[in-house]
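Student: my questions are about this predicted structure, shown below with the sequence.
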Amino acid sequence: MGVIPLRRRRIRRRPGEWLGHPAQVIAGGFAAAILIGTVALSLPTATASGRRAGLIDALFTSTSAVCVTGLVTVDTGTYWSGFGQVVILVLIQAGGLGIMTLATLMGLVISRRLGLRARLLAQAETKSLTLDDLRGVVRRILLFTLGCELVAATVLSVRFGVAYDMAWPHAVGDGVFHAISAFNNAGFSTNSDSLMRYVTDPWVSLTITVAVIVGGLGFPVVFELARSWRAPRRWSVLTRITVGVTVTLLVLGTAIYAAAESGNEKTLGALDGPSWLLAAFTASAMTRTAGFNNVDVAALTPETLFATDLLMFIGGGSAGTAGGIKVTTFGLLAFVLWAEMRGEPHTHAGRRRIPESNQRQALAIVLLAVGIVVSATFTLMAMTGHTLDVVLFEATSAFATVGLSAGITAGLPDAAKLVLVALMFIGRIGPLTLASALALRQQTRRYELPEERTIVG
């Protein structure tokens, strides 16, 4: 009986299937965007003086823009030219939407179809809970982002032009810049004093604050609220935790700023009742990884600085433009603690049981984040002569992609600036995403070892 030769079947890869692990591609995408931004900002046309920017300044600004942080080593409004500011805006928009979300949109335009791997990449960036209708989700993200930015830009442009007698081209330019920066929680401003000149202006302060909060809630939460805002009982656990923790932290942060800074003439002490409350609320909202400052951060009391550290570390909502460990992570651990205190074997949020995998993920994120911030703080203290409170504030701001600064960033040595660059990059893509990207493969244990309890505490 003869041997029948077998034909080698040629496997055709669908678009996107050649890509690597989603975490690796996301990290690589952000790194590529930072590199492109660094090259663009290094061009002579990117600076107002016409001279090339220093490599560290270009790299730092590009990383801060892509990672929607807002920390700067040079003044955005005076150092960079119009071209340079446009480059920064493009980097902010790209970082806010997410490199993989933009890549998915381009794939839809070019091929009109997605492979499974490309769909998984977009899901990893947008944090979609299912793969259903991912094309529609990405389209809604883009339309929602542009719509919010357009509304904010319109209000700000009109306010700048009418109330501050700006020339209309200048007013529109500032309005668009601040709107995109605010919605993406970037914190970049063309003003050397950020929002301090608008501290008592409710039109500017509240418009930027609302844009910051909406952008920081996260796209899944915003879409769910748009569908069922009248029926809170139908909200998912994600939406309940995000909304509940966000409101709580906003109120708590406002109270802390109002109380701790009421006697500080350099911050809120010189303001009257309504303006004092507006300034406290705006300052509290900015700690949710926005980065705009309406008061002099360097003049804050030590109590306020420490409270701001905690608020920045927690950050905003998942799948949004905010950073930090996320309010969902913080809320899940609060439910875990409550269940442990009550002696319950499982953790519940509302009428749902939280999977153990979610609990482990939240714990891993917090421990990794704490380790990264502590290590960076120790390193920065060794490199500089600044005190712990200031260095911890700067490190937390960079890792949580906030952008608030105690005024030491520009004067740091280049090595310390590179540490902040690494913190911004790690904080944007997420500790777990970075850990997954560095892992060559995931190993599955094919057996379980005997259980043994140990003493805890």
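Tutor: Perfect, I can see it now.
Student: could you give the mean pLDDT of stretch 311-330?
Tutor: For stretch 311-330, mean pLDDT is 89.
Student: using CSV, write down the CA coordinates of that stretch.
Tutor: Written as CSV, here are the backbone C-alpha positions of stretch 311-330 (Å, rounded to 0.1, in the frame of the first residue of the first chain):
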residue,chain,number,x,y,z
LEU,A,311,-5.9,61.1,46.4
MET,A,312,-3.5,61.0,43.5
PHE,A,313,-2.4,57.5,44.3
ILE,A,314,-6.1,56.2,44.1
GLY,A,315,-6.7,58.1,40.9
GLY,A,316,-9.8,57.8,38.7
GLY,A,317,-12.0,55.2,37.0
SER,A,318,-10.9,52.2,35.0
ALA,A,319,-10.8,52.4,31.2
GLY,A,320,-10.7,56.2,31.3
THR,A,321,-8.1,58.9,30.9
ALA,A,322,-7.2,59.0,34.6
GLY,A,323,-4.3,57.2,36.2
GLY,A,324,-3.5,55.9,39.7
ILE,A,325,-4.4,52.5,41.0
LYS,A,326,-8.1,53.3,40.0
VAL,A,327,-11.1,53.8,42.3
THR,A,328,-12.3,50.3,41.3
THR,A,329,-9.2,48.8,42.8
PHE,A,330,-9.5,50.8,45.9
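Student: how far does it sit from the chain's center?
Tutor: From the chain centre to the centre of stretch 311-330 is a distance of 7 Å (CA atoms, centre = their mean, to the nearest Å).
Student: Ala48 and Ile36, how far apart?
Tutor: Distance from Ala48 to Ile36, counting by CB to CB, to the nearest Å: 21 Å. Any C-beta I mention is one placed from the backbone N, CA and C, and that applies to glycine too.
Student: er, Cys148 I mean
Tutor: From Cys148 to Ile36 the distance is 26 Å (CB to CB).
Student: looking at the two, which is more packed in?
Tutor: Between Cys148 and Ile36, counted using other CB atoms under 10 Å, the more crowded position is Cys148 (20 against 16).
Student: what about that one, helix or strand, and which?
Tutor: In this structure, Cys148 sits in helix 134-163 according to DSSP states H and E.
Student: next helix or strand past that helix?
Tutor: Counting by DSSP H and E, what follows helix 134-163 is helix 168-183.
Student: list the helices and strands the helix or strand just after that following helix packs on?
Tutor: Using DSSP H and E, the next helix or strand after helix 168-183 towards the C-terminus is helix 202-217. Helix 202-217 makes packing contacts with helix 134-163, helix 168-183, helix 237-260, helix 273-286 when contacts are defined by 3 or more CB pairs under 8 Å, 6 or more residues apart in numbering; DSSP states H and E.
Student: and with 7 Å instead?
Tutor: helix 134-163, helix 168-183, helix 273-286 (3 or more CB pairs under 7 Å, 6 or more residues apart in numbering; DSSP states H and E).
Student: now distance to Ile92 too, for these, in JSON lines please.
Tutor: Compiled in JSON lines, the helices and strands packed on helix 202-217 are given as follows (distance: least, CB to CB, whole Å):
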{"stretch": "helix 134-163", "distance to Ile92": "10"}
{"stretch": "helix 168-183", "distance to Ile92": "6"}
{"stretch": "helix 273-286", "distance to Ile92": "16"}
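Student: among these, which comes closest to Phe219?
Tutor: Distance to Phe219, taken as CB to CB, is lowest for helix 134-163 among these, at 5.3 Å.
Student: residue ranges with poor pLDDT in this structure?
Tutor: The chain contains residues with pLDDT under 70 at 1-23, 99-134, 431-445.
Student: one step back: list the buried residues for the helix holding Cys148?
Tutor: 134-135, 137-138, 141, 144-145, 148-149, 151-153, 155-157, 159-161 (16 or more other CB atoms under 10 Å).
Student: what about the closest residue to Met424 other than its chain neighbours, how many residues nearby?
Tutor: In space, and not counting its chain neighbours, Met424 is closest to Cys67: 4.3 Å by CB to CB, 6 or more residues apart in numbering. By other CB under 10 Å, 29 other residues sit near Cys67.
Student: again with Met166
Tutor: Neighbour count of Met166, defined by other CB under 10 Å: 17.
Student: tell me where the chain has strands.
Tutor: Listed in chain order, the strands of the chain (DSSP state E) span residues 348-349, 352-353.
Student: just say which of those strands is most tucked in.
Tutor: Of all these, strand 348-349 carries the top mean neighbour count, a mean of 17, counting by mean count of other CB atoms under 10 Å.
Student: which strands or helices does that strand pack on?
Tutor: Contacts defined by 3+ CB pairs under 7 Å, 6+ apart place strand 348-349 against helix 237-260.
Student: which residues touch the helix it packs on?
Tutor: Here helix 237-260 makes contact (CB atoms under 7 Å, 6 or more residues apart in numbering) with 217-218, 220-221, 224-225, 268, 276-277, 280-281, 283-285, 287, 301, 303-304, 307, 311, 314, 317, 327-328, 330-332, 349-350, 352.
Student: for stretch 216-226, same thing?
Tutor: With contact meaning CB under 7 Å, 6+ apart, stretch 216-226 is reached by 126-127, 129, 140-141, 144, 185, 214, 235-236, 238-239, 242, 246, 288-289, 316-322.
Student: can I get the buried part of those residues as one ChimeraX selection?
Tutor: Selection of buried members from these for ChimeraX, criterion 16+ other CB under 10 Å:
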select :126,127,141,144,185,214,235,236,238,239,242,246,288,289,316,317,318,319,320,321,322
